[in-house]
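A.B. asks: Just the structure for this:
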Amino acid sequence: MAYLIDGFNLLYKFPECEALMLQCKLEAARTRLLTILKDYEKIARKKIRIVFDGKKQQLLDIKSESFGSIDVYYSINYSADFLIKEFIKKDINPRMTTVVTSDNGIISYVQKFGVRIMKSEEFVEKVVKTIEDFYEETRQEKDDNPKVSSEEINYWEKIFRSSASKKKNS
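C.D. replies: Prediction:
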C-alpha cells in the first residue's frame with residue numbers, strides 16, 4: 001500500500017510545521033514535514049508520494065525529487081489537487097493507494113476510483129502515534145538492565161575455563 005499526500009494540506013496539521021510557515025520559513029517547514037514522513041515511512045514500511053503546490057524555489061522548475069525514499073512532486077503551473085487527481089486517474093491499481101487530504105474536492109474526485117481516503121488530521125495522529133510507540137519501544141529495550149546472578153556467572157566461568165583448558169591440552 002502507498003500513500004499519496006496533499007503536501008500543504010498535511011503540513012498545516014503538524015503544529016511545528018505550521019509554526020515555521022507562520023514565520024515565512026517555507027523550505028524549513030517542508031523539510032521538517034518530509035523528515036517526519038521519512039521516519040514514519042521507515043517504521044511503517046509504506047511508500048509515500050507527496051505533492052506540493054507551486055515550485056520548490058522561485059527560480060527553479062523542479063518537478064520532482066527524492067527525499068530519502070519519499071517521492072516529492074511540485075505542481076509548478078498546476079495545483080497539487082490537479083496532480084493528485086492525475087496520479088490517481090493514471091494509476092493501474094488505485095485501490096492500493098491511500099490519498100491523504102482534507103480537501104473535499106480531491107476526496108469526491110478520487111473516491112470514484114476506489115482509493116482509500118484518510119483525512120490529514122487522522123494521518124497526523126497515526127504518524128505521531130506510530131513514531132512515539134516505536135521510540136518508546138526502542139527506549140524500553142535500551143533501558144532494560146539485565147541482572148546476572150552469581151550462579152550464572154559461576155556457570156559461564158566454568159564453561160570458559162573448561163574450554164580454555166581443552167585448547168591448552170590440544
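A.B. asks: Grab the longest helix from the protein for me.
C.D. replies: Taking DSSP state H as the criterion, the chain has its longest helix at helix 120-143.
A.B. asks: If you count neighbours, what's buried in that helix?
C.D. replies: The neighbour-count check on helix 120-143 (16 or more other Cβ atoms under 10 Å) flags 120, 123-124, 127, 131 as buried. (C-beta placed from N, C-alpha, C; glycine too.)
A.B. asks: likewise stretch 64-73?
C.D. replies: 67, 70, 72-73.
A.B. asks: Out of the residues you listed, which is nearest to residue 51?
C.D. replies: residue 73 (4.6 Å; Cβ to Cβ).
A.B. asks: where does that closest one fall, phi/psi-wise?
C.D. replies: As for residue 73, its main-chain torsions (degrees, to the nearest 10) stand at phi -120, psi 150.
A.B. asks: circling back to that earlier point, using CSV, lay out the buried residues of stretch 64-73 together with pLDDT, secondary structure and distance to residue 32.
C.D. replies: Output for these, formatted as CSV (pLDDT from 0 to 100; DSSP: H, G, I helix; E, B strand; the rest coil; distance: Cβ to Cβ, whole Å):
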residue, pLDDT, secondary structure, distance to residue 32
67, 93, strand, 11
70, 95, strand, 13
72, 95, strand, 14
73, 94, strand, 18
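A.B. asks: Any buried residues in stretch 85-95, and which?
C.D. replies: 85, 87-88, 91, 94.
A.B. asks: Output the buried residues of stretch 64-73 in CSV; the columns should cover distance to residue 106.
C.D. replies: Formatted as CSV, the entries for those read as follows, by distance: Cβ to Cβ, whole Å:
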residue, distance to residue 106
67, 22
70, 19
72, 18
73, 14
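A.B. asks: Just the closest of those to residue 39, please.
C.D. replies: After measuring the buried residues of stretch 64-73 against residue 39 - Cβ to Cβ - the closest member comes out as residue 70, at 10.7 Å.
A.B. asks: quick one: the closest one from residue 162, how far?
C.D. replies: Distance, residue 70 to residue 162, by Cβ to Cβ, to the nearest Å: 55 Å.
A.B. asks: and if you look at residue 80?
C.D. replies: 69 Å.
A.B. asks: returning to that earlier point: could you name the helices and strands sitting against the longest helix of the chain?
C.D. replies: strand 2-6, helix 7-11, helix 26-44 (3 or more Cβ pairs under 8 Å, 6 or more residues apart in numbering; DSSP states H and E).
A.B. asks: Would you confirm that residue 105 contacts residue 81?
C.D. replies: Yes: in terms of Cβ atoms under 8 Å, residue 105 counts as a neighbour of residue 81; the distance is 6.1 Å.
A.B. asks: That concludes my questions; thank you for your assistance.
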